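Q: Have a look; sequence and predicted model below, questions after that.
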Amino acid sequence: MLAFFVKAIIAPLFLAPLFFQSCKHEKKIYQSNCNDDLSYKHLGFRQLIDSIQMYDHQYVEIDGTYIEGNEESALVNDSLFADHSTQHALWVNFSQDCPLVLKGTNRGIFEINDGKFTQLNNKSVTIRGKIDVRHKGHLGSYRGSIDRISYVKL
């Protein structure tokens, strides 16, 4: 009976941390030296979208899910229960003026690494950049845009 107790109850308690540790993956941070001297205001996605006029031309840090596709480069709320339509999304305007490089390397975010491109689509990301309410992305259908991207954490 004691042997069963050890195998069934105690052993999983020791193995669980190893299992969960193996599921973690290291975050990748891509940065540029654009806007190094600026401080960024961290905002919740909904707070930014609901009050985007207040943050026009300000530098912010925002978490969300990046969506890319044919004529689409957007950041949406990462909540499954949120509206993900373009009216509740930001156009993400990556620029060659601010090349994003993997921290500690020379590998760019849009370069082929290990035979493939960096997978961004449907990934949770943290982005730092400048809000522009006048530029509304493809067909002017987004709430606004985030330009001068200087930081992406995957």
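A: Sure thing, it's come through. Residues are numbered from 1 along each chain as shown.

Q: tell me the phi and psi of M54?
A: phi -60, psi -20 (degrees, to the nearest 10).

Q: number of nearby residues for it?
A: Other residues lying near M54 total 12 when counted by other C-beta atoms under 10 Å. All C-beta spots, glycine's among them, are computed from the backbone N, C-alpha and C.

Q: what's the answer for the one 4 residues further on, then?
A: Look at Q58: counted by other C-beta under 10 Å, it has 14 neighbours.

Q: Skipping adjacent residues, who's closest to it in space?
A: Computed as C-beta to C-beta, 6 or more residues apart in numbering, the closest residue to Q58 that is not its neighbour in sequence is I131, at 5.7 Å.

Q: Would you map the strands across the chain?
A: Ranges of strands in the chain, per DSSP state E, are 29-31, 41-43, 59-69, 72-76, 90-92, 101-102, 123-132, 144-153.

Q: so can I have a markdown table of the ones you listed showing mean pLDDT?
A: Converted to a markdown table, the strands of the chain look like this (pLDDT from 0 to 100):
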| stretch | mean pLDDT |
| --- | --- |
| strand 29-31 | 94 |
| strand 41-43 | 97 |
| strand 59-69 | 96 |
| strand 72-76 | 94 |
| strand 90-92 | 97 |
| strand 101-102 | 93 |
| strand 123-132 | 97 |
| strand 144-153 | 96 |
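
Q: could those go into CSV alongside distance to S51?
A: Formatted as CSV, these follow (distance: least, C-beta to C-beta, whole Å):
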stretch, distance to S51
strand 29-31, 27
strand 41-43, 9
strand 59-69, 11
strand 72-76, 16
strand 90-92, 13
strand 101-102, 32
strand 123-132, 10
strand 144-153, 11
